[in-house]
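**Student:** Sequence first, then the predicted structure:
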Amino acid sequence: MTYEPLIGMARMAKRMRHEMQCDPQWVLDLAAEREQIRAEVEALRKDAERYRWLRAAAVRDHGIATEKFDAEFDASLEAIDAAMAAKEGE
């Protein structure tokens, strides 16, 4: 993690009760939210890498045409989305 001056200033202002143009806690809350979003992005990136790996393996190792794999996968995703939506509606 790199040092970010604004976050450092917010921490110091909060600790020393100095005035800032904005609430130091707000800056710290934004920084925490940004870290949560970064973690979510990493999880989504990992899912995307898994999908690409699966797709490449299916096309390469099993001789499945790319278009057929994509169509079947899209249909599977639609079924999964519908099942998840139904579960949320319960």
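**Tutor:** Thanks, I have it.

**Student:** Would you map the helices across the protein?
**Tutor:** Taking DSSP state H to define them, one finds helices in the chain at 5-16, 24-62, 66-89.

**Student:** what about the longest one, distance to the chain center?
**Tutor:** Relative to the centre of its chain, helix 24-62 is centred 4 Å away, using Cα atoms, centre = their mean, to the nearest Å.

**Student:** Check which residues of that helix are buried.
**Tutor:** Residues of helix 24-62 classed as buried: Pro24, Val27, Leu28, Ala58, Val59 (neighbour count, 16 or more other Cβ atoms under 10 Å). Backbone N, C-alpha and C define where each C-beta goes, glycine included.

**Student:** mind checking how far the spatially closest residue to the third one that is not a sequence neighbour is from Asp47?
**Tutor:** The shortest distance from Leu28 to any residue that is not its chain neighbour, by Cβ to Cβ, 6 or more residues apart in numbering, is 5.4 Å, and that residue is Ala10. Relative to Asp47, Ala10 is positioned 33 Å away (criterion: Cβ to Cβ, to the nearest Å).

**Student:** before we move on, what about Met12?
**Tutor:** 38 Å.

**Student:** same deal with Pro5?
**Tutor:** The gap separating Pro5 from Asp47 is 34 Å, by Cβ to Cβ.

**Student:** Before I go, just wanted to say thanks for your time.
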